[in-house]
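1. With the input below, show me the fold.
(chains A, B and C)
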Amino acid sequence: MRTREASDSGLVTRPNRRFFATDAATLAKRLIGCRLVRVLSDGERLSGVIVETEAYLGVQDRASHAFGGRRTARNEAMYSPPGTSYVYFTYGMHFCMNVVCGAVDEPAAVLLRALEPSEGLARMRLFRATPSRPAPADTDLCSGPGNLCRALAIDRALNGVDLVESDQIWVERGGFGRLRLETSPRIGIPNAGEWVDKPLRWFVAGHPHVSAGAAARSGEQGVRKKPLQRRGGKSR
DNA sequence: CCACAGATTCTCT
DNA sequence: GAGAATCTGTGGC
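-> Here you go, the predicted model:
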């Protein structure tokens, strides 16, 4: 296990490959409360705490890009070792980021759906700005898989990157107490037959940064609770 | 608040 | 040529 100086709270741990080498449902839960860190080419560090994930189980999962063992140029990264990133382009304009898990050649992955932004919010706001909304609210910056990627400048270039070794993007273990998790069916997979309704999405209960469409579909009312706080956290 | 349509282009059949 | 692990703006109540 390597350690690394965090910018705000002393030593934090960066997980090794074993952390990722588990089934998708386990990793989906495990990643909640961890921090996703992105270092831009100019050196600026952006990060956020993962608050919403979805598990894509493997060849048997009809909602997965690797259903039935499908293996193409696009989803090739799913067949890489656990801890690899799988970034794909969809709907003609959005990127989505997954963390590959399972064993080598077992195409399982966890989709990152929302973060509570921690570092680099001003830069994220720039990346997420549109003419009609030049300064998006903090709760909108990284809520939803496409938004998260835009806020952190995650695109094709980060497909297939090794999150265990990369200095551009990685995960750090959570420093939080026990988080109350909820599950729901996954979002946006209407044609996955019996897999549509399986509870393979996890999120922090009542968390304001969970993606909006998702909250609606899980029966949440627009609950606004406190953001996450570091356990024993020293305030900066 | 909710529902719906449109955007936009890649990927595989 | 169809469909996509999405998001946003618009229009209705």
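2. For the residue in chain A that DNA strand C sits nearest to, grab the count of nearby residues.
-> Going by CB to the nearest atom of the strand, DNA strand C is nearest to residue A:188 of chain A, at 1.7 Å. From N, CA and C alone the C-beta is placed, and that goes for glycine too. Using other CB atoms under 10 Å, residue A:188 is surrounded by 15 other residues.
3. go on, the one 4 residues further on?
-> Here the neighbour count serves as a burial measure; for residue A:192 (other CB under 10 Å) it reads 17.
4. List the residues that contact it.
-> A:61, A:62, A:63 (CB atoms under 8 Å, 6 or more residues apart in numbering).
5. quick one, what contacts the second one?
-> Read that as residue A:62. With CB under 8 Å, 6+ apart, residue A:62 has these contacts: A:192, A:193, A:194, A:195.
6. quick one: it from residue A:70, how far?
-> Residue A:62 sits 11 Å away from residue A:70 when distances are taken as CB to CB, to the nearest Å.
7. The last one now?
-> Taking CB to CB as the criterion, residue A:63 is separated from residue A:70 by 12 Å.
8. Which one's more surrounded, those two?
-> Neighbour totals were compared for residue A:63 and residue A:70, and residue A:63 leads with 21 against 13 (other CB under 10 Å).
9. which ones are touching that one?
-> With contacts defined as CB under 8 Å, 6+ apart, the neighbours of residue A:63 are A:56, A:186, A:189, A:192, A:195, A:196.
10. Go again with 7 Å.
-> Applying CB atoms under 7 Å, 6 or more residues apart in numbering, one finds that residue A:63 lies in contact with A:56, A:186, A:189, A:192, A:195.
11. Flag every residue of chain A that's near DNA strand C.
-> For chain A, the contact set with DNA strand C under CB under 7 Å from any atom of the strand comprises A:54, A:56, A:63-66, A:78, A:86, A:90-94, A:96, A:98, A:109, A:111, A:128, A:130, A:132-133, A:136, A:140, A:144-148, A:186-191, A:211, A:213.
12. Looking at these, which are in helices?
-> The members of the residues of chain A next to DNA strand C that map onto helices under DSSP state H are A:128, A:140, A:145, A:146, A:147, A:148, A:213.
13. Make a PyMOL selection of the buried ones in the residues you listed.
-> Applied in PyMOL, the following selects the buried portion of those according to 16 or more other CB atoms under 10 Å:
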select buried, chain A and resi 128+140+145+146+147+148
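14. Tell me which two in the ones in helices among the residues of chain A next to DNA strand C are the farthest apart.
-> Pairwise distances among these were taken by CB to CB; the largest, 16.4 Å, belongs to A:128 and A:213.
15. ok, and what's touching stretch A:129-144?
-> Stretch A:129-144 is contacted from outside by A:48, A:113-115, A:117, A:121, A:124-125, A:128, A:147-148, A:151, A:208-212, using CB under 7 Å, 6+ apart.
16. can you give me the helices in chain A?
-> Listed in chain order, the helices found in chain A under DSSP H are A:17-20, A:24-31, A:121-128, A:138-141, A:145-151, A:212-217.
17. Report the beta-bridge partners for residue A:37.
-> Assessed by DSSP bridges, residue A:37 has beta-bridge partners residue A:47, residue A:170.
18. For burial, what's the neighbour tally of it?
-> Residues near residue A:37, counting by other CB under 10 Å: 26.
19. try residue A:106
-> Summarising burial for residue A:106: neighbours were counted as other CB under 10 Å, giving 18.
20. Phi, psi for it please.
-> Here is the backbone geometry of residue A:106 (degrees, to the nearest 10): phi -110, psi 100.
21. What separation is there between residue A:205 and residue A:68?
-> When distance is defined by CB to CB, residue A:205 is 34 Å away from residue A:68.
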